[in-house]
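Undergrad: give the three-dimensional model of this entry:
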Amino acid sequence: MSDAGLLAAGRCKVAEGFRSAKYTDSRGFLTIGYGFNVDAGISEYAASCLLDAQVHEAEADVSNFDWYASLDAVRQSVLVELAFNMGIRKLQGFPKMLDACSRLDWATAGNELRNSAWFAEVGQRGPLLVRLLTNGG
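TA: Take a look at the predicted model:
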């Protein structure tokens with residue numbers, strides 16, 4: 001970003017203020033963050049930047065599992081995607097799967113994920129992530 005863009009972004013942060021939850025602005029538009037008008041939509045570039053940031057945060061969350069660093073990149077990516085998709089708190093609600101991952105018991109980890117309500121809700125994503133978790137890379 002140019003110097004002008006950095007200056008403008010800094011002023012926008014101050015002027016808009018940050019709100020983590022959605023709200024209705026003074027003109028009646030659904031808004032979030034630093035005055036982002038949800039009703040106006042989002043560009044693919046902005047959505048990609050947001051995705052990258054959220055995946056980065058999800059990766060930071062799962063890296064706190066003391067066994068995470070020992071996993072291959074494919075299994076790490078499954079845990080990152082799960083944390084992105086459901087949030088770290090809901091992922092922590094899979095204690096049997098996470099315990100199986102910590103023990104490198106991939107059959108059990110895959111079965112725990114397959115037998116969850118999450119699996120029934122996510123369509124084709126479920127079988128893919130179960131296969132990747134079970135088989136690794």
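
Undergrad: walk me through the domains of the chain.
TA: 1-41, 44-137 (automatic domain parsing).

Undergrad: can you tell me the element the closest residue to residue 77 other than its chain neighbours falls in?
TA: In this structure, residue 77 finds its nearest non-sequential neighbour in residue 132, 7.4 Å apart by CB to CB, 6 or more residues apart in numbering. C-beta coordinates here come from the backbone N, C-alpha and C atoms, glycine included. If you go by DSSP states H and E, residue 132 is part of helix 125-135.

Undergrad: can I get that helix as CSV, trimmed to CA atoms?
TA: This file holds the C-alpha atoms of helix 125-135, laid out as CSV (Å, rounded to 0.1, in the frame of the first residue of the first chain):
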residue,chain,number,x,y,z
ARG,A,125,-16.4,-30.9,2.3
GLY,A,126,-17.0,-33.5,5.0
PRO,A,127,-15.9,-36.6,3.1
LEU,A,128,-12.9,-34.8,1.7
LEU,A,129,-11.6,-33.6,5.1
VAL,A,130,-12.2,-37.0,6.7
ARG,A,131,-10.2,-38.6,3.9
LEU,A,132,-7.4,-36.1,4.2
LEU,A,133,-7.3,-36.4,8.0
THR,A,134,-7.3,-40.2,7.8
ASN,A,135,-4.7,-40.6,5.0
